[in-house]
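Peer 1: any chance you can model this:
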Amino acid sequence: MKKLFLSMIVLATMFACTAPEKKAETTAANPEDTETGSFVSIDDKTAKFKELLEAAMKNDAAGYRAVLVDTLKTEDALADNVDSLNRVKTSHDGLDALLKSDSLLHNLYDNIEMTTEKGQIKTFTFADGRVVTGYWGIWTGTGKFSKRFTRVPLHMIAWWEGDKIVKFFRMFDSASLKGEIAASQAK
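Peer 2: Residues are numbered from 1 along each chain as shown. Alright, predicted model coming up:
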């Protein structure tokens, strides 16, 4: 009986050592989650995105062209830029249209800045290979006509193909921009 009991203990120990851990099963990725992946805050794409922000602050078209494709699609998520199917409409079709629009900001504002603090820019690589960079920061400027200093929370997402951005999404409250445009028309 002792031999049988000892054999059972040895056999149970062998099974326990070779059985897969339950913990690994519960932490495995859900195959239905198509939005899974990883993110980083220090890589070449976040560095290029930061350079793009710096180009926007200086109104530097060459800086835009270094990172954005000519066929860029831009979507500005504003209250009046959503279609009847609740999709954000394309705001700028092509890089030249974005350059023209963004340069107009420099006609309305002085001292345009965007925060680039730690953690405000992240690049996401999805399991299916898509790569996007996200930005959560604050845009500031002083109105040339109203003389008001403005702080606007700004959220942006940029879709990459290779080393260039092909699509851009921006979300911000446009109230202060509309106010500055109105002030420019009143003078």
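
Peer 1: can you map out the strands along the chain?
Peer 2: 37-40, 68-77, 90-93, 109-114, 121-126, 131-143, 149-161, 164-172 (DSSP state E).

Peer 1: can you lay out those strands as CSV showing mean neighbour count?
Peer 2: (Each C-beta comes from the backbone N, C-alpha and C, glycine too.) Listed next are the strands of the chain as CSV, based on neighbours: other CB atoms under 10 Å:
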stretch, mean neighbour count
strand 37-40, 13
strand 68-77, 18
strand 90-93, 16
strand 109-114, 16
strand 121-126, 18
strand 131-143, 19
strand 149-161, 16
strand 164-172, 18
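
Peer 1: of these, which is nearest Met57?
Peer 2: strand 109-114 (5.3 Å; CB to CB).

Peer 1: who does the closest one touch, helix- and strand-wise?
Peer 2: Strand 109-114 makes packing contacts with helix 44-58, strand 131-143 when contacts are defined by 3 or more CB pairs under 8 Å, 6 or more residues apart in numbering; DSSP states H and E.

Peer 1: could you list the low-pLDDT ranges of this protein?
Peer 2: Along the chain, the model assigns pLDDT under 70 to residues 1-29, 187.

Peer 1: of all residues in it, which one is nearest the centre?
Peer 2: Central residue of the chain (CA atoms, centre = their mean): Gly134, 1.5 Å from the mean position.

Peer 1: if I look at that one, how far off is Gly141?
Peer 2: Per CB to CB, to the nearest Å, Gly134 is found 22 Å from Gly141.

Peer 1: also Ala62?
Peer 2: From Ala62 across to Gly141, the span is 21 Å (CB to CB).

Peer 1: of all the helices and strands packed on strand 109-114, which one comes closest to Ala97?
Peer 2: The closest of those to Ala97 is helix 44-58. By CB to CB, the value is 14.8 Å.

Peer 1: which residues does Ser184 contact?
Peer 2: Asn107, Leu108, Lys144, Phe145 (CB atoms under 8 Å, 6 or more residues apart in numbering).

Peer 1: surely the first one is in contact with Gly141?
Peer 2: What that stands for is Asn107. No - using CB atoms under 8 Å, Asn107 is not in contact with Gly141; the gap is 11.4 Å.

Peer 1: quick check: closest non-adjacent residue to Lys118.
Peer 2: Excluding the flanking residues, the one nearest Lys118 by CB to CB, 6 or more residues apart in numbering is Ser41, at 7.3 Å.
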